[in-house]
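Asks: generate coordinates for the sequence data below:
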Amino acid sequence: NKILLKRSEKFALIIGSQPSKGARSPSLWNRAYKKLGKKSKMYPADIKGKKLAKLIYSLKKNKNFLGCSVTIPHKEKIITYLDSLDSNAKKIGSVNHVINNSGKLKGFNTDYYGSLHSIKKICKRKKFQKILILGCGGAGKACIISALNYFKNSIIYLHNRNKKKIENLLKKNEIYNLVKIVDNYK
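Replies: Down below sits the predicted model:
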């Protein structure tokens, strides 16, 4: 898709393989910008894998670029092109939000903060005996890291259809001793 920007317009993007085909973020954010009186706009940016690096390089140089949401399939690939990562996004290994700070792009994983907020709201006591997390996809990884950060003295059990995904996350973060894998992969 072709995006025509006004010279002085502040803008944000949602980057993915085809966000122009149905992403709701642009309409939601554009309504919010309008209501807040901001002269900013969010656009969907359909980006093929090989063009991601070129896009990120040009966005770093654009003073009007505010940041972006990141969707499939670029959540892991984009990390290579960012200047820094939030510590939790680094542990999770994926980014779904990028902020531009004077040409320096920093990646975040908002699923981490969403799951941590939900945990705090539902579980008033930090001390639990046993916690089970099902799934180790994008949001599942965020839930695992937020639970490990919040429930420091609990036993956390993990189950995923693909045991390798869990093992890779644990190995990357050196957290084998903090969790137990529920193993029935036969």
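Asks: where do the helices of the chain begin and end?
Replies: 25-35, 52-61, 87-92, 110-122, 138-150, 163-173 (DSSP state H).
Asks: what number of residues lie near Trp160?
Replies: Trp isn't right for residue 160; it's Asn. By other Cβ atoms under 10 Å, the residues close to Asn160 number 21. For glycine as for every other residue, the C-beta is placed from the backbone atoms N, C-alpha and C.
Asks: and it, what does it touch?
Replies: By Cβ atoms under 8 Å, 6 or more residues apart in numbering, the contact list for Asn160 reads Leu134, Gly135, Cys136, Gly140, Ile166.
Asks: which one of these is nearest to Ser17?
Replies: Ser17 lies nearest to Gly140 out of the contacts of Asn160, by Cβ to Cβ, at 21.2 Å.
Asks: tell me the spacing between that closest one and Leu158.
Replies: Distance of Gly140 to Leu158, computed by Cβ to Cβ, to the nearest Å: 9 Å.
Asks: anything in contact with each of these two?
Replies: Joint contacts of Gly140 and Leu158 (Cβ under 8 Å, 6+ apart) are Ile133.
Asks: neighbour count: these two, which is higher?
Replies: Between Gly140 and Leu158, counted using other Cβ under 10 Å, Leu158 has the larger neighbour count: 25 against 21.
Asks: for Lys180, find the nearest of the helices of the chain.
Replies: Across the helices of the chain, Lys180 has its closest neighbour in helix 163-173 (10.4 Å, Cβ to Cβ).
Asks: which strands and helices lie in contact with the closest one?
Replies: helix 138-150, strand 179-181 (3 or more Cβ pairs under 8 Å, 6 or more residues apart in numbering; DSSP states H and E).
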